[in-house]
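Colleague: 3D, please:
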Amino acid sequence: MAGAVLDVDFVRAQFPAFAEPALAGQGFFENAGGSYTCQPVIDRLTRFYHQRKVQPYAPYAASQLGGAEMDEARSRLAAIMGVNSDELSFGPSTTQNTYVLAQAFRKFLSPGEAIIVTNQDHEANSGPWRRLTEDGIEVREWAINPQTGRLDPKALARLLDEKVRLVCFPHCSNVVGEINPVADITAMAHAAGAFVCVDGVSYAPHGLPDVGDLGADIYLFSAYKTYGPHQGIMVIRQGLGELLPNQGHYFNAESLYKRFTPAGPDHAQVAASAGMADYLDALYAHHFDAAADAKGRGQAVHDLMRAHEVTLLQPLLDAVKGRNAVRLLGPDRAEARAPTVALALNRPGEEVAADLAAHGIMAGGGDFYALRALDAMGVAPDRGVLRLSFVHYTTREEIDHLLNVLEDVL
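Modeller: Below you'll find the predicted structure:
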């Protein structure tokens, strides 16, 4: 499978946004805030609302079809990520899912026990955990390097002891962008007797990870950033999921994928999430001839996406890393990071994003709920950063246009 090159024309044909006249000529560089939606997801969502918008799992045909499609979404995405189908569940958002998990840990942990959080995280994987101090849980902060934004595993080692029960950190930050060594960090935490919760929201859009190989006990990401509907997706491995107190209805306590979903999920959006698996399988079939299981197909597409992104990312990093009055947050090597590029400037990032919009570049400016990370790196959160983020459907022509516009605007 090595050597395949992403067919960007084929990719873009799977996204109706690229055929929209209102979006023509617009370079989309705020994918970290939410990606375009692929056609298979739209097709499934439309079909559900037209044909299956009934209570699922009843004995009549429309209900049976709706329930089967919801089950299909869970089982196929779980297979791609190397976990069991009942270890994957849906919720209204990653932030909400994390809050529910934090309530489970609130009852699971005892006063005097400790958890570790970082200041590299989006607030969704930091704030809910920090609130556990209200119940006597000690919260320790694994702090980033204020110059590089990096999380040093040696600093984590100094925080770990027999009191630590949970370590929470991002696969990569939504402003720093550096890809953290999840498997190594997880092994370190497990050796100390702690569970691990990984926020994968900023990583998963660049290829769904093999959570089984990573070893994380909890892995969270957002479907609306991975070409799907507005749902949060969480993997909770069985060993931990059965230990934590049930947060759902008491009669659902024996169902692992229902234990951390207090309210009923959005049936149509869950069913439509199977379109994400359709899309990944379509990419695999277009680029590869060899047969592979779901996990193998997912890994091949992951690598295909990443190779394309790395090729496009390095010219952008090279263009901004040495500029006066521009501070690139995170690594300047494309292989080490996701294509989420935050720039601290001499004026508010939102103002610069508005200037870019006038030239056909859709980007974002602000703090992106990463106030702790920005503050730690000496970036005033009220000024924020300009964030330029893209995914595998971005073209070299769009990157070139962005670079030309940046030259004028900056």
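
Colleague: Now whichever helix in the chain runs longest: average pLDDT?
Modeller: Longest helix in the chain by number of residues (criterion: DSSP state H): helix 294-320. Helix 294-320 shows a mean pLDDT of 98.

Colleague: Under the pLDDT cut-off, which ranges of the stretch 251-400 of the chain? List them.
Modeller: For the stretch 251-400 of the chain, no stretch has pLDDT under 70.

Colleague: all strands for it, in order.
Modeller: 326-328, 340-345, 361-362, 364-366, 385-389 (DSSP state E, counting those that start in this stretch).

Colleague: can you tell which of those is closest to Phe29?
Modeller: Phe29 lies closest, by Cβ to Cβ, to one member of the strands of the stretch 251-400 of the chain: strand 385-389, at 4.7 Å. C-beta coordinates here come from the backbone N, C-alpha and C atoms, glycine included.

Colleague: in the closest one, what counts as buried?
Modeller: For strand 385-389, the neighbour count (16 or more other Cβ atoms under 10 Å) marks 385-389 as buried.

Colleague: Adding distance to Asp375 as columns, could you present those in JSON lines?
Modeller: Converted to JSON lines, the buried residues of strand 385-389 look like this (distance: Cβ to Cβ, whole Å):
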{"residue": "Val385", "distance to Asp375": "12"}
{"residue": "Leu386", "distance to Asp375": "17"}
{"residue": "Arg387", "distance to Asp375": "16"}
{"residue": "Leu388", "distance to Asp375": "21"}
{"residue": "Ser389", "distance to Asp375": "21"}
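
Colleague: Closest one to Ile42 out of those residues, please.
Modeller: Lowest distance from Ile42 to the buried residues of strand 385-389 (Cβ to Cβ) belongs to Ser389, with 22.2 Å.

Colleague: For the residue lying closest to the closest one once chain neighbours are set aside, give me its contacts.
Modeller: Distance criterion Cβ to Cβ, 6 or more residues apart in numbering; nearest residue to Ser389, sequence neighbours excluded, is Ala32 at 3.6 Å. Applying Cβ atoms under 8 Å, 6 or more residues apart in numbering to Ala32 gives the contacts 174, 202, 205, 225, 340, 364, 368, 387, 389.

Colleague: With Asp161 instead?
Modeller: Taking Cβ under 8 Å, 6+ apart, we find Asp161 in contact with 114, 192.

Colleague: Using a markdown table, lay out the strands of the stretch 251-400 of the chain together with distance to Ala334.
Modeller: Conversion of the strands of the stretch 251-400 of the chain to a markdown table gives the following (distance: least, Cβ to Cβ, whole Å):
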| stretch | distance to Ala334 |
| --- | --- |
| strand 326-328 | 12 |
| strand 340-345 | 10 |
| strand 361-362 | 20 |
| strand 364-366 | 20 |
| strand 385-389 | 13 |
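
Colleague: which of the ones you listed is buried the deepest?
Modeller: Across the strands of the stretch 251-400 of the chain, averaging neighbours per residue (mean count of other Cβ atoms under 10 Å) puts strand 385-389 on top, at a mean of 27.

Colleague: so what pLDDT did the residue nearest to Ser389 get?
Modeller: Per-residue pLDDT puts Ala32 at 97.

Colleague: what are the phi and psi values for it?
Modeller: phi -70, psi -20 (degrees, to the nearest 10).

Colleague: so how far is His249 from it?
Modeller: Ala32 sits 35 Å away from His249 when distances are taken as Cβ to Cβ, to the nearest Å.

Colleague: and what of Gly322?
Modeller: Gly322 sits 57 Å away from His249, going by Cβ to Cβ.

Colleague: What are the boundaries of the helices in the stretch 201-350 of the chain?
Modeller: Using DSSP state H, counting those that start in this stretch, the helices of the stretch 201-350 of the chain run over 211-214, 238-241, 267-272, 274-287, 294-320, 349-357.

Colleague: Start and end of stretch 172-184, how far apart?
Modeller: 14 Å (Cα to Cα, to the nearest Å).

Colleague: And it, what's buried?
Modeller: Those would be 172-180, 182, for stretch 172-184 by 16+ other Cβ under 10 Å.

Colleague: ok, so of these, who is nearest Ala17?
Modeller: Nearest to Ala17 among the buried residues of stretch 172-184: Asn174, at 21.7 Å, using Cβ to Cβ.

Colleague: Kindly give the local confidence score, pLDDT, for the closest residue to that closest one other than its chain neighbours.
Modeller: Once flanking residues are discounted, Asn174 sits nearest to Ser202: 4.4 Å by Cβ to Cβ, 6+ apart. On pLDDT, Ser202 comes in at 98.

Colleague: And Ala2, by the same measure?
Modeller: 60.

Colleague: Also Lys225?
Modeller: Looking at Lys225, its pLDDT stands at 98.

Colleague: Kindly provide the distance from it to Ile361.
Modeller: Applying Cβ to Cβ to Lys225 and Ile361 gives a distance of 19 Å.

Colleague: now swap in Thr98 and tell me
Modeller: Distance from Thr98 to Ile361, by Cβ to Cβ: 32 Å.
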